[in-house]
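>>> this is a predicted model, with the sequence first.
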Amino acid sequence: MKEIEKKAIEVLENNWKDGFSIPCEGLYPFQWKWDSGFIAIGLAYFDMPKAKEEISTLLDAQWENGFIPHIVFHNESDSYFPGPDYHSSNLHPEASKKYKSTGMTQPPVLGFVLQELYRISKDKKDILQFIKTVIDKVYDNHNYFYKNRDPQDEGLVYIYHNWESGTDNSPLWDDIFKTMNSPEYTFERRDTTHVDASQRPSKREYDHYLHIIEIAKEHNYNDQKIAELSPFLVQDPLFNAMLIKSNQSLIELYKLIDNNEEKVNQLKNWQTKSIETFNKKLFDEELGAYVHYDLRNEKPLKYISSSSFSPLFANIPSKERAKVLVKTMMYKFGNDNQYLCASFDPTSELYNPKKYWRGPVWINLNWLLYKGLKQYGFNDISQRIKNDSITLIEKFGFYEYFDARKEQSETGYGGNNFSWSAALIIDMINDD
Ligand code: DGY
């Protein structure tokens, strides 16, 4: 086993708590939804029982309406703000009675994560047995999205908070924040006691983040009210691509277990509609890339980020369109003096190579792009993404994010010993 893989296993073992993994010590002391999914993929290589437990624990916190929260606060910790009392998700009548959580979600990764566990497992019978016990919960989560998050019945679901996107402080959201008249709140940040403030969102951005939550809380996290009133309402190509990929995985997994015809048909209907609208509404011919759509202000957000290429992972673009996407990606992000793949357009004046989601390379997006490019046969570029990811981690360690500029890149940024960086490197190393 390679040294990097041994170290990755160590990171995951250290971040394992009682039944779930934290993304990293200090900065993120609870269970995060999309982190958990990615982490389970890494765990599956060396400890399948833990991979299963990671998923079961997350699903145990699912609400009665199928919703899965973005953070499950399993433990007390004063190293994170905003915590469970601030979020007060119990305002929602169907919130979990067992766990404290947030009242927002994160990208729906669980469908494709289950399929990855199936692929990785050496004991297919055992893993199918496990999948049988959880698959309906993941289906219910998709059902929640299509029922509650698609007010115009288009097949595209919205996110109501930038934290739901996972790409928290991307410049993508700047225009929306400019439309919001958020109060100046008084609160004590904890993230900047763990990580240099220059690598984290600003105080003013946090005002906006809290303002959106305040509005949701005022209406007890009611989905209809949020759709009517939230100043932030976005159709995100990354989020919807994850949902579409997970739909496909559920279709294939149901066939392997008991072929639940009704659910498979429903999933297929969602798929057809979602993919069609996705291609019609979110592709920007001028930019040669998929873009976000601001549903509140009814306009596309004309920026290119690494999310713009994530539809490759879900097989959404035609072969022709995939070529256009790759051309855009290589032209904007792919210079030889840059590691692939910056999280925001390096040619934009809004690009910041050290600040969280405003430019740095993230291993989870690299993993999605690696898989997506490979699926379409762009083998050289997918290999480059894999090699760049390994180089960054070998040089600097299992950081949360990295400067894409080769010459200026001296260290990693954000949290260190970051779980999904470790987990997904294990997968990339083992995937030829
Ligand atoms: C944070 O606190 O920065 C998290 O990413 C929110 O999910």
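Yes, it's here. Numbering: from 1, shown residues only.
>>> the ligand versus the closest residue to residue 109 other than its chain neighbours, what's the distance?
Sequence neighbours aside, residue 37 is the residue nearest to residue 109 in space, at 3.6 Å (criterion: Cβ to Cβ, 6 or more residues apart in numbering). (Each C-beta comes from the backbone N, C-alpha and C, glycine too.) Distance of residue 37 to the ligand, computed by Cβ to the nearest ligand atom, to the nearest Å: 14 Å.
>>> would you map the strands across the stretch 1-150 of the chain?
31-32, 71-73, 100-101 (DSSP state E, counting those that start in this stretch).
>>> now do the second one: everything it contacts.
Okay, so that is strand 71-73. Contact with strand 71-73 is made by 20, 30-33, 57-58, 61, 83-84, 87, 99-102, as judged by Cβ atoms under 8 Å, 6 or more residues apart in numbering.
>>> please state the offset of stretch 317-337 from the chain centre?
21 Å (Cα atoms, centre = their mean, to the nearest Å).
>>> what comes up buried for that stretch?
For stretch 317-337, the buried set under the neighbour-count rule, 16 or more other Cβ atoms under 10 Å, comprises 317, 321, 322, 324, 325, 326, 328, 329, 332, 333, 334.
>>> can you check stretch 88-95 too?
Buried, per 16+ other Cβ under 10 Å, within stretch 88-95: 88, 89, 92, 95.
>>> so which of these comes closest to the ligand?
Taking Cβ to the nearest ligand atom as the measure, the ligand lies nearest residue 89 of the buried residues of stretch 88-95, at 13.8 Å.
>>> what residues does the closest one make contact with?
69, 95, 96, 100, 101, 102, 103, 221.
>>> ok, the residue nearest to residue 138 when sequence neighbours are not counted to residue 63 distance?
In this structure, residue 138 finds its nearest non-sequential neighbour in residue 110, 4.7 Å apart by Cβ to Cβ, 6+ apart. For residue 110, the distance to residue 63 equals 15 Å [Cβ to Cβ, to the nearest Å].
>>> same check, this time on residue 103
Using Cβ to Cβ, residue 103 is found at 9 Å from residue 63.
>>> for residue 30, same thing?
Taken as Cβ to Cβ, the span from residue 30 to residue 63 is 17 Å.
>>> return the distance of the helix of greatest length in the chain from the chain's centre.
Counting residues, the longest helix found in the chain (DSSP state H) is helix 124-148. The chain centroid and the centroid of helix 124-148 are separated by 18 Å under Cα atoms, centre = their mean.
>>> flag every buried residue along that helix.
Within helix 124-148, the residues that qualify as buried are 127, 130-131, 134-135, 137-146, 148, counting by 16+ other Cβ under 10 Å.
>>> cool, and stretch 162-180?
162-173, 176-177.
>>> ok, back up a step: in JSON lines: the buried residues of stretch 88-95, plus distance to the ligand and pLDDT.
Output for the buried residues of stretch 88-95, formatted as JSON lines (distance: Cβ to the nearest ligand atom, whole Å; pLDDT from 0 to 100):
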{"residue": "88", "distance to the ligand": "16", "pLDDT": "97"}
{"residue": "89", "distance to the ligand": "14", "pLDDT": "98"}
{"residue": "92", "distance to the ligand": "18", "pLDDT": "98"}
{"residue": "95", "distance to the ligand": "18", "pLDDT": "98"}
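>>> let me know the pLDDT of the residue of the stretch 251-400 of the chain found nearest the ligand.
Proximity of the stretch 251-400 of the chain to the ligand (Cβ to the nearest ligand atom) peaks at residue 356, 7.8 Å away. Listed pLDDT for residue 356 reads 97.
>>> residue 420 too?
In this model, residue 420 carries a pLDDT of 98.
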